[in-house]
Structure formats: structure tokens, C-alpha cells
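[1] only geometry, no sequence info:
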């Protein structure tokens, strides 16, 4: 399968714990995005990487959140000291930006539940 | 700045009747526009995209959309709804002014009655 993969698919944690999610993009894609989606809403942009450089972070991304893409391939998203409000679906997408065309390919998501 | 407004949070149709999901966008730059579909417990899938070529865009599963610059709209249509079309649909805008970071609409839930 050459699509975008995310691990784990589901994570249940207690408030205050740290969690880390992984995303493996399509191999030749230079851009990787993280989104958060809550029930009844569209995906909200969190951050993106162009190759290994993190170019932009949303105001939604508090200092408890950190993302890395160390070699321009897979990426991790860590949430420290989780809060109940962090419960959501975390989506990863990748794209090969070419001029006008920034079609994104999405992974299945990681559903986080904070108790 | 860029934004997208999906005018209906829910659309209900009968199987075999036409589908219209409305989307308006705002952008200071020439936009790329996309429609994605999300079935329950499934990932987001691209239906179709407009990237400055033909204004009438055909996508998968019989869907199409027309880019109308004068109306800043990109409505999604299908001539005949199928039960399997029931899902959440997202309109998305992306521009060079926004570093090509996509902005999603809030989504339209399509309900198809037998």
C-alpha cells in the first residue's frame, strides 16, 4: 500500500499523559500536514512541513504540541500533558506541491480520547 | 486571506434525484478548489479539483463542479443520487497567498433517502 499511513489508529489516555502519533506520507511527497478534526467540523490546520522544515504553525497549536519531520520522510506529533479538550481525530496528509496543484492525500487518522 | 463557506450544513435528497452542495470562497489570489468526501469512519477522499484549467470539472462517482469566478462559487452537483453517496462533503480552497495551505469548509452532510 503506497498511501498515507498513521499509527496508532486509536489512542486512549488519561489527562496529563503525553502521547505521540506517527505519520508516514507518500514517499515522493515534499509536503506533510497535520490537522485536527472534531465532531461535526471540518479539518483544522495545525502545522505543515516542506521536506524537513516546519514552515507554519497554527495558533491552535499550543506549546504543548510539537511536531517533527527529521529526515523529510515520516513525521511525529507529540502532545504533552494532554487535556480533555485535546480529544479529536488527528489527520495527516501529504502532497507534492506543483504550481497550482496542491492535491492532498489523507491518512485514516488517529482518534485520541483523553479521559 | 482565504476562506470557504459551505452554505448548507445538511442536504437531504431522495435516491435518484439531483444533488447540489453549495460552496462559496473568498480569496485575494487565484484559487485552487477541491471537494473531498468523508464516509463514516473512513479517510478523506478527493472527489475533484479545479486548478485554473477548465471551469467545469468532472470527478469520481459522477460528481462535477463548476468554477464561477464572478459568483466566487464552486458548487458540487450530481444528476442522480445513490444511497452510497451519503457522507460528509468538504469544500477546500488553496492559494499562493496562503502558502498553498488548504482551508476547509465546515462540511455538508448529504442524506439520501430510499
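    Received it, and whenever you're ready, just let me know what you need. Everything numeric in this text was worked out from a predicted model, so none of it was measured.
[2] Which parts of chain A are strands?
    In chain A, the strands defined using DSSP state E lie at A:5-7, A:10-13, A:19-24, A:31-37, A:44-50, A:53-57, A:65-68, A:75-79, A:88-95, A:105-106, A:110-114.
[3] Tell me how many other residues surround the residue of chain B found nearest chain A.
    Using Cβ to the nearest Cβ, the single residue of chain B nearest to chain A is residue B:104, 3.6 Å away. Any C-beta I mention is one placed from the backbone N, CA and C, and that applies to glycine too. When neighbours are counted by other Cβ atoms under 10 Å in any protein chain shown, residue B:104 registers 21.
[4] Now residue A:91: closest residue in space, sequence neighbours ignored.
    Closest residue to residue A:91 apart from its sequence neighbours, by Cβ to Cβ, 6 or more residues apart in numbering or on different chains: residue A:35 at 4.3 Å.
[5] Quickly list what that neighbour is bridged to.
    residue A:45, residue A:91 (DSSP bridges).
[6] how close does the residue nearest the centre of chain A sit to chain B?
    In chain A, the centroid-proximal residue (Cα atoms, centre = their mean) is residue A:34; its distance is 3.0 Å. Counting by Cβ to the nearest Cβ, to the nearest Å, the separation of residue A:34 from chain B is 11 Å.
[7] Quick one: residues contacting that residue.
    Counting by Cβ atoms under 8 Å, 6 or more residues apart in numbering or on different chains, residue A:34 touches A:23, A:46, A:47, A:48, A:67, A:75, A:77, A:90, A:91, A:92.
[8] Compare the residues you listed and tell me which is most surrounded.
    Counting neighbours by other Cβ under 10 Å, residue A:92 leads those with 29 neighbours.
[9] Apart from its chain neighbours, what residue comes closest to the residue of chain A found nearest chain B?
    At 3.6 Å from chain B, residue A:42 is the closest residue in chain A, using Cβ to the nearest Cβ. In this structure, residue A:42 finds its nearest non-sequential neighbour in residue B:104, 3.6 Å apart by Cβ to Cβ, 6+ apart.
[10] for residue A:94, what are its contacts?
    Residues in contact with residue A:94 (Cβ under 8 Å, 6+ apart) are A:4, A:23, A:25, A:26, A:29, A:31, A:32, A:33, A:104, A:105.
[11] and of those residues, the nearest to residue B:36?
    In terms of Cβ to Cβ, no member of the contacts of residue A:94 lies closer to residue B:36 than residue A:104, at 8.4 Å.
[12] Can I get the contacts of residue A:34 in a markdown table including pLDDT?
    Shown next, in a markdown table, are the contacts of residue A:34 (pLDDT from 0 to 100):
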| residue | pLDDT |
| --- | --- |
| A:23 | 97 |
| A:46 | 94 |
| A:47 | 95 |
| A:48 | 93 |
| A:67 | 96 |
| A:75 | 97 |
| A:77 | 97 |
| A:90 | 97 |
| A:91 | 96 |
| A:92 | 96 |
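[13] if we can go back for a sec, make JSON lines from the contacts of residue A:94 and add distance to residue B:10 to it.
    Below are those laid out as JSON lines (distance: Cβ to Cβ, whole Å):
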{"residue": "A:4", "distance to residue B:10": "29"}
{"residue": "A:23", "distance to residue B:10": "31"}
{"residue": "A:25", "distance to residue B:10": "33"}
{"residue": "A:26", "distance to residue B:10": "33"}
{"residue": "A:29", "distance to residue B:10": "34"}
{"residue": "A:31", "distance to residue B:10": "32"}
{"residue": "A:32", "distance to residue B:10": "33"}
{"residue": "A:33", "distance to residue B:10": "27"}
{"residue": "A:104", "distance to residue B:10": "25"}
{"residue": "A:105", "distance to residue B:10": "27"}
